[in-house]
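Participant: Compute the structure for the input listed below.
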Amino acid sequence: MSLSRDAVAVIENPVVVSQSFHTEHLQVDRIETGQNNPSWHRELQFLHPVSGKVSAHKLVRVFAALCVLCLLGGVVIGVWFIVKIILRPNSAQSPVSLGDAKDTSFCNITEDISVTDPRKVFYRISVENSLLEIQLEKLQTWLPVCYERWNSSLGTLVCRQLGYLRLSKHKGVNLTDIGPNYTDGFVQIASEHQSNLESLWRFRGSCSTGKVIALKCFECGTRAKLPRIIGGVEATLGRWPWQVSLYYSNRHICGGSIITHQWIVTAAHCVHNYRLPQVSSWVVYAGIITSNSAKLAEYQGFAVERIIYNKNYNHRTHDNDIALVKLRTPLNFSDTIRPVCLPQYDRDLPGGTQCWISGWGYTQPDDVHIPEVLKEAPVPLISTKKCNSSCMYNGEITPRMLCAGYTEGKVDACQGDSGGPLVCQDENVWRLVGVVSWGTGCAEPNHPGVYTKVAEFLGWIYEIIESY
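Facilitator: Reported below is the predicted structural model:
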């Protein structure tokens with residue numbers, strides 16, 4: 001989805017914004033009204049004699065007896081509530097009112113195990129010879145692309161279609177150099193101008209120049225072969241090389257993900273409402289797994305040049321919760337500092353897909369300290385249909401959000417993880433599918449983590465990076 005240029009807010013060094021920051025933006029708790037409190041009713045019936053008068057003494061005795069009965073009833077009800085509270089299962093959850101805990105057995109909506117693929121044209125780059133191959137919907141076979149009418153701008157579009165930020169290299173390769181591997185035909189750019197990338201291609205039996213296109217896109221989503229969150233374990237250095245820590249005034253605030261040498265993706269709620277958000281107060285740490293101040297002093301922090309958050313961000317509904325941070329100096333990629341790939345256009349992963357979260361957030365919901373070592377945890381995607389059901393978020397999930405976690409809770413992102421990555425391995429590379437955004441409590445049953453859906457902001461991300 002491509003957003004217009006006015007759908008951004010830019011904070012440049014040293015612009016000052018007077019709004020105050022509220023830490024509760026990092027974690028939103030919804031407290032529901034208890035519906036299960038027992039309502040006790042007792043009908044008191046007075047028996048009137050058929051004849052005669054009731055003496056004042058008898059009335060006093062009857063009134064006293066009624067008072068004793070009411071008192072005993074109140075004691076019984078009080079004891080019942082105390083026993084109910086004591087016997088309630090103990091779990092690591094945020095404090096909630098009576099009736100807020102939900103039985104996971106009621107949330108038995110069938111998970112979507114497949115999604116409809118709207119694409120009519122599919123792209124891939126051959127691992128063997130780097131040739132661009134295209135599969136047209138009607139042909140159901142992978143074909144190389146003729147060199148005729150090819151240009152670098154088209155190469156960039158194809159790379160982005162595949163989730164890579166930009167084109168690195170392209171060239172024409174002689175068919176005689178690749179052998180007789182392609183005999184089913186070729187794909188060629190149509191002669192007429194087409195604004196839609198999908199309608200640009202047509203089948204050809206041969207290429208007039210005898211050349212086909214080889215592509216190399218911006219490398220991302222890979223990890224060095226190194227040794228090997230609530231419910232998570234400590235991560236090893238280099239396991240999530242795109243993970244960064246955003247520091248404000250020497251304090252960890254949020255996580256983020258490297259997508260280029262100078263650009264970081266994070267959440268809008270991390271940066272949009274700070275008091276005096278002079279860019280010079282922000283520092284990004286990359287290639288680390290520690291949050292210990294003494295150990296962190298050994299690493300170089302990267303100064304921030306510009307912060308851009310999506311202007312459509314709504315702090316009440318958490319919609320459009322995404323921001324970009326530009327570093328003043330480029331990162332040097334290494335085994336411990338690498339970019340993550342972006343999602344492919346029009347490619348939704350089905351519910352149940354196993355993904356991973358990482359961060360320095362609280363490991364207990366009521367904790368006040370972040371862990372010293374980066375945590376990681378696996379979480380499956382949850383379909384929007386299931387996450388929007390009445391037993392989960394009851395319609396609060398917009399098309400620009402996605403959910404991941406477990407119906408029973410126990411594994412989730414929490415405060416301090418905000419802005420960090422939700423990554424899924426797709427076609428042998430890791431892609432930034434989501435940005436940690438919000439959720440009710442931490443690891444509560446039927447309240448999985450909610451993430452910004454990065455695929456909905458690809459056009460916005462590309463536009464910002466090109467503009468700044």
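
Participant: shaky segments in the stretch 1-150 of the chain?
Facilitator: 1-9, 11-60, 62, 76, 79-116 (pLDDT under 70).

Participant: quick one: contacts for the nearest residue to Leu374 once chain neighbours are set aside?
Facilitator: Distance criterion CB to CB, 6 or more residues apart in numbering; nearest residue to Leu374, sequence neighbours excluded, is Ile289 at 4.1 Å. In short, each C-beta sits where N, CA and C put it, glycine included. Ile289 sits next to 234-237, 373-374 when contact means CB atoms under 8 Å, 6 or more residues apart in numbering.

Participant: Tyr299 versus Asn397, what's the distance?
Facilitator: One thing to correct before we go on: residue 397 is Ile, not Asn. Taking CB to CB, to the nearest Å as the measure, Ile397 falls 37 Å from Tyr299.

Participant: With Ala190 instead?
Facilitator: In this structure, Ala190 and Tyr299 are 52 Å apart, going by CB to CB.

Participant: And for Ala413?
Facilitator: 24 Å.

Participant: okay, those two: which has more neighbours?
Facilitator: Ala413 (35 against 13; other CB atoms under 10 Å).

Participant: Name all residues that make contact with that one.
Facilitator: With CB under 8 Å, 6+ apart, Ala413 has these contacts: 229-230, 357, 359, 361, 420, 436, 439, 442, 449.

Participant: Show me this protein divided up by domain.
Facilitator: The chain breaks down by automatic domain parsing into domains covering 8-24+223-467, 126-217.

Participant: Need those domains in a markdown table (columns: distance to Leu71).
Facilitator: Formatted as a markdown table, the domains of the chain follow (distance: least, CB to CB, whole Å):
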| stretch | distance to Leu71 |
| --- | --- |
| domain 8-24+223-467 | 38 |
| domain 126-217 | 70 |
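
Participant: out of those, nearest to Gly78?
Facilitator: Ranking the domains of the chain by distance to Gly78, with CB to CB as the measure, places domain 8-24+223-467 first at 27.3 Å.

Participant: which residues in this structure form helices?
Facilitator: Under the criterion DSSP state H, helices of the chain are mapped to 56-86, 152-161, 175-178, 268-271, 293-296, 384-387, 458-467.

Participant: Identify, out of those helices, the most deeply packed stretch.
Facilitator: Most buried of these by mean neighbour count (mean count of other CB atoms under 10 Å) is helix 268-271; its value is a mean of 28.

Participant: For that helix, name the packing helices and strands.
Facilitator: strand 252-258, strand 302-310, strand 323-327 (3 or more CB pairs under 8 Å, 6 or more residues apart in numbering; DSSP states H and E).

Participant: please redo it, this time with the cut-off set to 10 Å
Facilitator: Counting contacts by 3 or more CB pairs under 10 Å, 6 or more residues apart in numbering; DSSP states H and E, helix 268-271 packs against strand 8-12, strand 243-248, strand 252-258, strand 302-310, strand 323-327, strand 429-438.

Participant: so which of the contacts of Ala413 comes closest to Arg347?
Facilitator: Using CB to CB, these come closest to Arg347 at Ile357, 20.3 Å.

Participant: For that closest one, the count of nearby residues, please.
Facilitator: 29.

Participant: Who is it paired with across the strands?
Facilitator: Ala377, Leu422 (DSSP bridges).

Participant: That one is in contact with Pro378, isn't it?
Facilitator: Yes. Contact criterion CB atoms under 10 Å: Ile357 and Pro378 qualify, at 8.2 Å.

Participant: Same list (the contacts of Ala413) but as a markdown table, adding pLDDT.
Facilitator: A markdown table is the format used below for those (pLDDT from 0 to 100):
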| residue | pLDDT |
| --- | --- |
| Ile229 | 59 |
| Ile230 | 61 |
| Ile357 | 94 |
| Gly359 | 91 |
| Gly361 | 77 |
| Gly420 | 95 |
| Val436 | 95 |
| Gly439 | 84 |
| Cys442 | 76 |
| Gly449 | 92 |
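
Participant: Same list (the residues you listed) but as a markdown table, adding distance to Ala214.
Facilitator: Putting the contacts of Ala413 into a markdown table (distance: CB to CB, whole Å) gives the following:
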| residue | distance to Ala214 |
| --- | --- |
| Ile229 | 41 |
| Ile230 | 46 |
| Ile357 | 36 |
| Gly359 | 39 |
| Gly361 | 43 |
| Gly420 | 36 |
| Val436 | 38 |
| Gly439 | 45 |
| Cys442 | 48 |
| Gly449 | 41 |
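
Participant: now, which of those lie within strands?
Facilitator: Among these, DSSP state E puts 357, 359, 436, 449 in strands.

Participant: Please tell me how far the second one sits from Ala377.
Facilitator: Here Gly359 is placed at a distance of 9 Å from Ala377 (CB to CB).

Participant: do the third one as well
Facilitator: When CB to CB is the yardstick, Val436 and Ala377 sit 12 Å from each other.

Participant: out of the two, which sits in the busier spot?
Facilitator: Neighbours were tallied for Val436 and for Ala377 using other CB under 10 Å; the higher tally belongs to Val436 (34 against 21).

Participant: Show me what that one bridges to in the sheet.
Facilitator: Tyr451.

Participant: can you tell me which residues contact it?
Facilitator: By CB atoms under 10 Å, 6 or more residues apart in numbering, the residues touching Val436 are 26, 229, 254-257, 266-267, 270, 321, 357-359, 361, 404, 412-414, 416-422, 449-452.

Participant: can you check Phe203 too?
Facilitator: Phe203 neighbours (CB under 10 Å, 6+ apart): 134, 136, 138-139, 143, 184-188.

Participant: Same question for Pro343.
Facilitator: 162-163, 349, 424, 426, 431-434, 453-458.

Participant: Kindly report the same for Val454.
Facilitator: Contacts of Val454 by CB under 10 Å, 6+ apart are 163, 257, 259, 265, 322, 340, 342-343, 400, 402, 421-422, 431-435, 461.

Participant: 8 Å instead, please
Facilitator: Counting by CB under 8 Å, 6+ apart, Val454 makes contact with 265, 322, 342-343, 432-435, 461.

Participant: Before I go, just wanted to say thanks for your time.
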